[in-house]
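Peer 1: give the three-dimensional model of this entry:
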Amino acid sequence: MNLKNLFSIKTKTEQSPAIKAMAIRVATLSGCEALAQELQQQLEAQPAHSAAWRQLERKLAELQRLQTALAIDEDRLRVAAVVKRDHEEHTRALKAAEARLKAATEAATQAEANQAARAAIVDQLSQELLALRSQADQAANAAEAHLRAVITGESGEAQELEAFEALKKAQVHQKTSSEPLAARLAGHEAELQRLASVATEMAAQLSSAQDVVVLCRLQLARLEYDQAAQLVVDAYMKLRALPSADSTGQSFRLASLPPVNLTFAARERAVMGEQLCGEHAGLREFALADLVKALQPANLALLVKPVPSENPLAEDATPSSPFSYLPGSMEYANAIEAQKRSAMGPAQYEASLRAEQQAPLQA
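Peer 2: Below is the predicted model of the structure:
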């Protein structure tokens, strides 16, 4: 905690050695804890609800507030480490995802190009096969027409035999001439199917890589949102912690501000997030008010104020009559308690008070 904040108290003795020494002592959590143990021991040794007891209660409350302020400062270091860790992790993940996306894009582009090139070869071979089969069909039809013309023209047997042999050769050529090209075409078509399957797989990997990149960018955006949300919370707490009234006691109208209504993406990236954030990482207004109270200037004058000692002689003095005070007033109640203490004796009176306090717990 900044010691300048600890000295920001409204007292004429703020530069006194006692104030300075107390400021140094409560500047760390360990110092606050040690002082709290001392005050707690003193509190247990005092009569309940006595002046010393009440002052020690106020000191412990102020000390607890300072401990909360120190815990806030410590937790800021934790949040900074978490933000740094998450930023590095998400940045590495984004770079790796972008590299995978680049590789997937190149692979998908290459797969599409391979498929397109193979499809062009298949189309070309299909056209060649159609042309070859058309030529063979035309040759077979021509040979058949020639044979028919030879037979109807009553030519010699030699011519008929020659025409018949030509038709048989044309028919054999019709059946077998396209087989090599058809086999090549079938092989290219099978390869085209394989390339189409590869292109589909590459396209799916490209879509997946694009999704991962978007997710990584979203994670970084959520981190930036949490950092901005913390700035809003800090600004709100600062505004609430500042004095809201002028020297005459009149409130400034600018001090009025509606409650902060926001949610952290990750509770661990909020300062005091476990206490401040409730369900779904939304802010708890009462927890935020406690943090605001903890950030107000320290009342070091209260912590260095001597604890009033009980006057033994006062125990033997005759207590004042409660009927001299207005019934129902604090003085009336104190006078009644003083009479009980005088009648029962200090030891027995304190024992009865402790018994009354323990009775509800035992019940």
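Peer 1: show me where this protein has helices.
Peer 2: With DSSP state H as the definition, the chain shows helices at residue ranges 3-6, 17-25, 29-45, 51-152, 157-176, 179-241, 273-276, 285-294, 300-304, 312-316, 330-344, 346-362.
Peer 1: which pLDDT value belongs to Ala289?
Peer 2: Per-residue confidence for Ala289 comes out at a pLDDT of 87.
Peer 1: try the one 4 residues further on
Peer 2: Confidence at Lys293, expressed as pLDDT, is 86.
Peer 1: doesn't Arg65 make contact with it?
Peer 2: Yes. Taking contacts as Cβ atoms under 8 Å, Lys293 lies within contact range of Arg65: 6.4 Å. Backbone N, C-alpha and C define where each C-beta goes, glycine included.
Peer 1: so the two - more neighbours on which side?
Peer 2: A count of neighbours by other Cβ atoms under 10 Å puts Arg65 above the other of Lys293 and Arg65, at 18 against 14.
Peer 1: what about the residue nearest to the more buried one when sequence neighbours are not counted, neighbour count?
Peer 2: The shortest distance from Arg65 to any residue other than its chain neighbours is 5.1 Å, reached at Ala294 (Cβ to Cβ, 6 or more residues apart in numbering). Around Ala294 there are 20 other residues, counting by other Cβ under 10 Å.
Peer 1: same question, Ala99
Peer 2: Ala99 has 12 neighbours, counted by other Cβ under 10 Å.
Peer 1: oh, and call the first residue 26 from now on, that's how I've got it
Peer 2: Okay, using 26 as the starting number, the last item reads as Ala124.
Peer 1: enumerate every residue touching it.
Peer 2: For Ala124, the contact set (Cβ atoms under 8 Å, 6 or more residues apart in numbering) is empty.
Peer 1: pLDDT below threshold where in the stretch 176-325 of the chain?
Peer 2: Across the stretch 176-325 of the chain, the stretches falling below the confidence threshold (pLDDT under 70) are 178-183, 185, 188-189, 192, 195-196, 198-203, 279-281.
Peer 1: go again using 80 as the cut-off
Peer 2: Of all residues in the stretch 176-325 of the chain, those with pLDDT under 80 make up the ranges 176-207, 268-284, 304.
Peer 1: likewise for the stretch 26-175 of the chain?
Peer 2: Looking along the stretch 26-175 of the chain with the criterion set at pLDDT under 80, you get 26-40, 153-154, 156-175.
Peer 1: tell me, how many neighbours does the residue nearest to Ser233 when sequence neighbours are not counted end up with?
Peer 2: If the residues on either side of it in the chain are set aside, Ser233 comes closest to Ala129, at 7.8 Å by Cβ to Cβ, 6+ apart. A count of neighbours around Ala129, defined by other Cβ under 10 Å, yields 20.
Peer 1: for Thr93, same thing?
Peer 2: Residues contacting Thr93 under the criterion other Cβ under 10 Å number 17.
Peer 1: what's near enough to touch Gln67?
Peer 2: Applying Cβ under 8 Å, 6+ apart, the residues contacting Gln67 are Ala77, Leu81, Val332.
Peer 1: against Ala61, how distant is it?
Peer 2: Using Cβ to Cβ, to the nearest Å, we find Gln67 at a distance of 11 Å from Ala61.
Peer 1: again with Gln160
Peer 2: Where Ala61 is concerned, Gln160 sits at a distance of 106 Å (Cβ to Cβ).
Peer 1: compare neighbour counts for these two and give me the winner.
Peer 2: Ala61 (17 against 14).
Peer 1: and for that one, nearest residue in space, chain neighbours not counted?
Peer 2: Nearest non-adjacent residue to Ala61, counting by Cβ to Cβ, 6+ apart: Leu88, 5.3 Å away.
Peer 1: I'd assumed Glu87 was in contact with Gln80.
Peer 2: No. Using Cβ under 8 Å as the test, Gln80 is too far from Glu87 to be in contact (10.6 Å).
Peer 1: contacting residues around the most centrally placed residue in the chain?
Peer 2: When the chain is reduced to its mean C-alpha position, the nearest residue by Cα atoms, centre = their mean turns out to be Ala291, at 2.1 Å. For Ala291, the residues meeting the contact criterion (Cβ under 8 Å, 6+ apart) are Asp111, Arg247, Leu248, Asp251, Ala306.
Peer 1: ok, and the closest non-adjacent residue to the second one?
Peer 2: In this case it means Arg247. Once its chain neighbours are removed from consideration, Arg247 has its nearest residue in Ala290; the separation is 4.0 Å (Cβ to Cβ, 6+ apart).
Peer 1: and for Val329, the neighbour number?
Peer 2: Val329 is flanked by 19 other residues according to other Cβ under 10 Å.
Peer 1: give me the nearest residue to it, chain neighbours excluded.
Peer 2: Setting aside the residues directly before and after it, Val329 is nearest to Ala43 in space (Cβ to Cβ, 6+ apart), at 4.4 Å.
Peer 1: residues touching Leu85, list them.
Peer 2: By Cβ under 8 Å, 6+ apart, the contact list for Leu85 reads Ala61, Leu64, Gln65, Leu68.
Peer 1: ok, it to Ser151 distance?
Peer 2: For Leu85, the distance to Ser151 - Cβ to Cβ - is 94 Å.
Peer 1: equivalent analysis for Gln71, please.
Peer 2: Where Ser151 is concerned, Gln71 sits at a distance of 105 Å (Cβ to Cβ).
Peer 1: neighbour-wise, which of these two wins?
Peer 2: Neighbours per residue (other Cβ under 10 Å) separate Gln71 from Ser151, with Gln71 holding more: 20 against 15.
Peer 1: ramachandran coordinates for the more buried one?
Peer 2: Backbone dihedrals for Gln71, given as degrees, to the nearest 10, come out at phi -90, psi 150.
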